[in-house]
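> Structure for the following, please:
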Amino acid sequence: MAKQRTALLVRCSEEEAEAIRDAAKRERRTISGFILNAVLNRIANQKKIEQAWRKTGGGGRQARAAVESGE
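Predicted structure coming up:
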């Protein structure tokens with residue numbers, strides 16, 4: 001069975017594109033692998049922030065402090 005694939009179009013400036021290429025090269029990743037890793041990291045961080053937000057009763061500074069301290 002063939003794997004399903006999804007294509008994403010990422011629009012950025014030439015400077016941003018060059019920065020992405022350089023960062024991917026430094027990490028020895030493909031550009032798509034670098035982007036996917038960055039997106040998955042942001043999703044994980046967002047989940048942590050949401051959990052901390054709920055834990056602290058919606059306090060923005062408290063939630064950020066909880067995430068940064070690893071609570």
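> now for whatever helix or strand Glu16 lives in, which elements pack on it?
Using DSSP states H and E, Glu16 sits within helix 14-26. For helix 14-26, the elements it packs on are helix 31-55, judged by 3 or more C-beta pairs under 8 Å, 6 or more residues apart in numbering; DSSP states H and E. Using the backbone N, CA and C atoms, a C-beta is placed for each residue, glycine as well.
> Need the pLDDT of the residue most central in space within the chain.
Central residue of the chain (C-alpha atoms, centre = their mean): Arg42, 2.4 Å from the mean position. With respect to pLDDT, Arg42 scores 93.
> do the same with Gln4
On the pLDDT scale, Gln4 is placed at 88.
> ok, now Ala63?
65.
> Over to the one 3 residues further on?
The predicted local confidence for Ala66 comes out at a pLDDT of 67.
> Also Val39?
Looking at Val39, its pLDDT is 93.
> That one: neighbour count?
12 (other C-beta atoms under 10 Å).
> Distance check, it against Arg26.
From Val39 across to Arg26, the span is 18 Å (C-beta to C-beta, to the nearest Å).
> do Ala44 as well
Look at Ala44 and Arg26: by C-beta to C-beta, they are 21 Å apart.
> likewise Gln4?
Distance, Gln4 to Arg26, by C-beta to C-beta: 31 Å.
> higher neighbour count, these two?
Set Gln4 next to Arg26 and count neighbours by other C-beta under 10 Å: Arg26 wins out with 9 against 5.
> Many thanks, have a good one.
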